[in-house]
Structures are given as C-alpha cells and as structure tokens.
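Colleague: Sequence first, then the predicted structure:
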Amino acid sequence: MQAHRQQEATARRTPRQVFKRDTFHLVLGGLLVAAGVATGLLLGGWLGLGVGAAIVVLGYYFLVLGMGGRHAWLEIFQEFFNM
C-alpha cells in the first residue's frame with residue numbers, strides 16, 4: 001500500500017514529457033500545401049480547384065501530424081463534429 005502511495009507521489013512530482021515536434025512531417029506538410037496551391041493555379045478551373053484542394057488537405061494532415069502527434073487529427077475531427 002505504501003509503495004503505491006510513493007509511486008503516486010513520484011508520478012505527480014515528475015513533469016510531463018515535452019512533446020518533440022516532428023520536423024519531417026512539418027516540412028512535408030508545408031511542401032504539400034505549397035505544391036497544392038501551385039498545382040491548382042497551374043491547372044486552373046474546376047480541375048485545378050479539386051486537385052489543388054486534395055493536395056492541400058493532405059498537406060494539412062501532415063502539418064497537424066508534425067505539430068500535434070498521431071492523435072491530433074482525430075481530436076480535430078471530433079471537435080469539428082461536436083460543434
């Protein structure tokens with residue numbers, strides 16, 4: 001019993017781990033967003049809008065993955081549909 005209390009106290013005192021941002025996913029996401037905008041402008045019209053939007057959304061996915069980790073995208077969708 002006392003070992004459990006000591007373990008709880010130690011867990012409360014230790015700071016949370018600082019989340020390290022994933023540089024690869026951040027760079028990949030930024031490049032995909034830029035590529036999506038450029039592709040959309042180059043193609044033009046409805047095709048450019050559709051293809052560009054799809055590439056940009058994929059870039060946003062990787063940006064959020066790099067900033068918030070694996071579960072960040074799921075949390076964003078949950079909050080969006082709760083509104």
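Modeller: Nice, thanks for sending it over. Numbers count the residues shown, from 1 in each chain.
Colleague: Read off the pLDDT value for residue 37.
Modeller: Note on residue 37: pLDDT of 96.
Colleague: Regarding this protein, what is its longest helix?
Modeller: In the chain, assigned by DSSP state H, the helix with the most residues is helix 45-68.
Colleague: Kindly tell me how buried residue 42 is, as a neighbour count.
Modeller: 10 (other Cβ atoms under 10 Å). No exception for glycine: its C-beta is placed from N, CA and C like everyone else's.
Colleague: That one: what's it in contact with?
Modeller: residue 48 (Cβ atoms under 8 Å, 6 or more residues apart in numbering).
Colleague: And it, how close does it get to residue 67?
Modeller: 28 Å (Cβ to Cβ, to the nearest Å).
Colleague: returning to that earlier point: just the CA atoms of the longest helix of the chain, as CSV, please.
Modeller: What follows is helix 45-68, C-alpha atoms only, in CSV (Å, rounded to 0.1, in the frame of the first residue of the first chain):
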residue,chain,number,x,y,z
GLY,A,45,-10.7,25.8,-63.5
TRP,A,46,-12.6,23.2,-61.6
LEU,A,47,-10.0,20.6,-62.1
GLY,A,48,-7.4,22.8,-60.6
LEU,A,49,-9.6,23.6,-57.6
GLY,A,50,-10.3,19.9,-57.0
VAL,A,51,-6.8,18.6,-57.4
GLY,A,52,-5.3,21.6,-55.5
ALA,A,53,-7.7,21.2,-52.6
ALA,A,54,-7.0,17.4,-52.3
ILE,A,55,-3.2,18.1,-52.2
VAL,A,56,-3.6,20.9,-49.7
VAL,A,57,-5.8,18.8,-47.4
LEU,A,58,-3.1,16.1,-47.5
GLY,A,59,-0.5,18.8,-46.6
TYR,A,60,-2.6,20.0,-43.7
TYR,A,61,-2.8,16.4,-42.4
PHE,A,62,1.0,16.1,-42.3
LEU,A,63,1.3,19.6,-40.7
VAL,A,64,-1.1,18.6,-37.9
LEU,A,65,0.7,15.3,-37.6
GLY,A,66,4.0,17.1,-37.2
MET,A,67,2.7,19.6,-34.7
GLY,A,68,0.3,17.5,-32.6
